[in-house]
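Trainee: Mind looking at a prediction? Sequence and model below.
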Amino acid sequence: MKNMLMKRMKLAGAVLLTALLAVACGPKTDEKKIDIAYVNWSEGIAMTNLAKVIFEEQGYRVNLLNADLAPVFASLSQKKADVFLDAWLPVTMADYITQYGDKLETLGTVYDNARIGLVVPEYVTINSIEELNQVRARFKGEIVGIDAGAGIMKATDKAIPDYGLDYKLLTSSGPAMTASLKKAIDKKEWVVVTGWTPHWMFDRFDLKILADPKGIYGGAEKIQVLAWKGFSEKDPFAARLLSNMHLTDAQISSLMAALEEPGINETDAARKWLETNRDVVSNWLPQIE
């Protein structure tokens, strides 16, 4: 009886020790998981996938959440997503900041020379939004847009009456817009689209942004990283990494170009860019104290 009791005590001790070791050595799920929201815009897809591979190297389990802009901001405010790397401010996404700003925090600026506007191929002979009505037939009276909730679409909805344009704004998506642009350029047809920089289309095609004398589309903007309020306290390492993340014109252009290469998925393309630019990314990593 005594021997049996001793065996049971030893077994219980072994089970307890195993459990304690599992807790001590196992991953701290709360600290090693991050949900990154993004919309289907080329620069956002590129930056998000780069962040994904960086965090994975740091031992994080990364979940990417794709949605339209309005659900992205709602998800951030409700802590259903942790971060969003593609917030255009102070103009393009100002309405969302007005609605959700008190529930969000800004972690940093990824890129500081972003612009939106109406874009045409270089061979189009007009240079200003004010000239669009004079050549309406050449554009078939249409402006090819993107997602309905995007800031650039709201700006264009304002530009049409402010400039007195006899044009219809077509709702589509980022990829559909670039597909329409390419199709028109291949045929040397006139086309006007809602466009922005940074974007790979400016590297692939000869384009120009039409002058905006009324300033409807604003000037240069910053692309900032947003998180739910309090995220930086919950995960200081992730917050510092994202606050350190900054891309120059050349870097963001090469990153987007890498993701447009045929035959390679977005995550692998971002990982390939990371290997080529290891010295840049290493400077973003916080020092672990």
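Mentor: Now that the structure is in, tell me what you want to look at.
Trainee: OK, contacts around Asp68?
Mentor: Val39, Asp147, Ala148, Gly149 (CB atoms under 8 Å, 6 or more residues apart in numbering). Backbone N, C-alpha and C define where each C-beta goes, glycine included.
Trainee: distance of it from Asp212?
Mentor: 25 Å (CB to CB, to the nearest Å).
Trainee: And the one residue sitting closest to the centre of the chain, what's its pLDDT?
Mentor: With distances taken as CA atoms, centre = their mean, the residue of the chain nearest its centroid is Gly44 (2.2 Å). At Gly44, the model reports a pLDDT of 94.
Trainee: For it, which non-adjacent residue is spatially closest?
Mentor: Asp86 (3.4 Å; CB to CB, 6 or more residues apart in numbering).
Trainee: Going by secondary structure, the one you found is in what exactly?
Mentor: strand 83-89 (DSSP states H and E).
Trainee: export that strand as CSV, just CAs?
Mentor: Extracted C-alpha coordinates of strand 83-89, given in CSV (Å, rounded to 0.1, in the frame of the first residue of the first chain):
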residue,chain,number,x,y,z
VAL,A,83,-3.2,47.3,-36.6
PHE,A,84,-3.7,48.9,-40.0
LEU,A,85,-0.6,50.0,-41.9
ASP,A,86,-2.3,52.1,-44.7
ALA,A,87,-4.1,55.1,-43.1
TRP,A,88,-3.8,58.1,-45.4
LEU,A,89,-3.9,61.3,-43.3
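Trainee: just checking, the residue nearest to Gly44 touches Tyr38?
Mentor: Yes. Using CB atoms under 8 Å, Asp86 is in contact with Tyr38, at 6.3 Å.
Trainee: if I look at these two, which residues touch both of them?
Mentor: With CB under 8 Å, 6+ apart, Asp86 and Tyr38 have common neighbours Gly44, Thr48.
Trainee: could you give the angle of the helix or strand where the residue nearest to the centre of the chain lies to strand 83-89?
Mentor: For Gly44, the host element (DSSP H and E) is helix 42-57. Interaxial angle of helix 42-57 relative to strand 83-89 (axes from the mean of the first three to the mean of the last three CA atoms, to 10 degrees): 150 degrees.
Trainee: Could you list the buried residues of helix 42-57?
Mentor: 42-55 (16 or more other CB atoms under 10 Å).
Trainee: Then stretch 134-145?
Mentor: Quick answer for stretch 134-145 (16+ other CB under 10 Å): Phe139, Ile143, Val144, Gly145.
Trainee: quick one: which of the residues you listed is nearest Glu221?
Mentor: For the buried residues of stretch 134-145, the minimum distance to Glu221 (CB to CB) is 18.5 Å, reached by Gly145.
Trainee: Quick one: the helices in the stretch 1-150 of the chain, in order.
Mentor: Taking DSSP state H, counting those that start in this stretch to define them, one finds helices in the stretch 1-150 of the chain at 2-25, 42-57, 69-77, 94-100.
Trainee: Only alpha carbons, please: show the shortest one as PDB.
Mentor: As requested, C-alpha coordinates have been extracted for helix 94-100 and formatted as PDB (Å, rounded to 0.1, in the frame of the first residue of the first chain):
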ATOM      1  CA  ALA A  94     -10.300  62.100 -42.200                       C
ATOM      2  CA  ASP A  95     -13.900  61.000 -42.000                       C
ATOM      3  CA  TYR A  96     -12.900  57.700 -40.400                       C
ATOM      4  CA  ILE A  97     -10.700  59.500 -37.800                       C
ATOM      5  CA  THR A  98     -13.600  61.800 -36.900                       C
ATOM      6  CA  GLN A  99     -15.800  58.700 -36.400                       C
ATOM      7  CA  TYR A 100     -13.300  56.400 -34.700                       C
END
